[in-house]
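# Sharing a model prediction with you, sequence too.
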Amino acid sequence: MTQEKPEIVWDYPSPFIHETRVEKQHIDDFQHTNNVVYLTWMAKTAWEHSKALGLDFAAYASVNRGMVVRRHELEYLAASREGERVAIGTWITGNDGRLRLRRRFQMVNADTGETLLRGLSDFVCINIETGRATRMPPEFVSTYALTATVDGDN
């Protein structure tokens, strides 16, 4: 008998979705996913989305520019446990066209539809060689276009 997937209610339309599974090594002494793992999943999802948009590290290196994290904000809403599937949705909700980019995240237990976490990451464009903040190249401005509108994010 096949189990039906629950409908996932995303915070915003059309997320980029990366799915993962909670493994034994993700579990902490409280027998749920350690908080640091969620941050790792956010970073992985952001990178997978960037690569899907055509901006992998080779593309970054070719223009000597990259987007690096400046700040994370995570709100833990429910626990996940070993063996559960987690769907991570991300949206680009801010891009000032100069220096800053914001991504929002929602993690959902793909087996139950329950939202586990909401978070955001603020990125800044840097010169890869110097590590200093610098203006985004035109391809970053256009490729990292907004995928959702959130008041105050842009």
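Nice, thanks for sending it over.

# Was I right to think Tyr76 contacts Val36?
No - look at Tyr76 against Val36 with C-beta atoms under 8 Å: they stay out of range, at 11.5 Å. (C-beta placed from N, C-alpha, C; glycine too.)

# Just give me the longest helix of this protein.
Ranked by residue count under DSSP state H, the longest helix found in the chain is helix 35-52.

# got the contact list for that helix?
16, 18, 20, 26, 56, 67, 69, 72, 74, 76, 86, 88-90, 103, 105, 107, 116-117, 119, 121 (C-beta atoms under 8 Å, 6 or more residues apart in numbering).

# Repeat that for stretch 74-86.
In contact with stretch 74-86 (C-beta under 8 Å, 6+ apart) are residues 19-24, 26-27, 30-33, 35, 38-39, 41-42, 107-111, 114-119.

# In helices, which of these fall?
Per DSSP H, those map to helices at Asn35, Tyr38, Leu39, Trp41, Met42.

# Among these, name the buried ones.
Tyr38, Leu39, Trp41, Met42 (16 or more other C-beta atoms under 10 Å).

# what about the strands in the chain?
16-21, 65-76, 85-95, 100-109, 115-127 (DSSP state E).

# Using CSV, lay out the ones you listed together with mean pLDDT, mean neighbour count and distance to Glu4.
Converted to CSV, those look like this (pLDDT from 0 to 100; neighbours: other C-beta atoms under 10 Å; distance: least, C-beta to C-beta, whole Å):
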stretch, mean pLDDT, mean neighbour count, distance to Glu4
strand 16-21, 98, 16, 16
strand 65-76, 98, 15, 27
strand 85-95, 98, 22, 14
strand 100-109, 98, 23, 14
strand 115-127, 98, 19, 19
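
# among the ones you listed, which is nearest Gly152?
strand 85-95 (8.6 Å; C-beta to C-beta).

# Now the closest one - C-alpha only, CSV.
Taking Å, rounded to 0.1, in the frame of the first residue of the first chain, the C-alpha atoms of strand 85-95 are listed here in CSV:
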residue,chain,number,x,y,z
ARG,A,85,12.0,13.3,4.6
VAL,A,86,12.5,17.1,4.7
ALA,A,87,11.5,19.4,1.8
ILE,A,88,13.4,22.7,1.8
GLY,A,89,11.9,25.5,-0.2
THR,A,90,13.8,28.7,-1.0
TRP,A,91,12.9,32.0,-2.6
ILE,A,92,14.9,35.0,-3.5
THR,A,93,13.0,37.8,-1.8
GLY,A,94,15.6,40.6,-1.9
ASN,A,95,18.2,41.9,-4.4
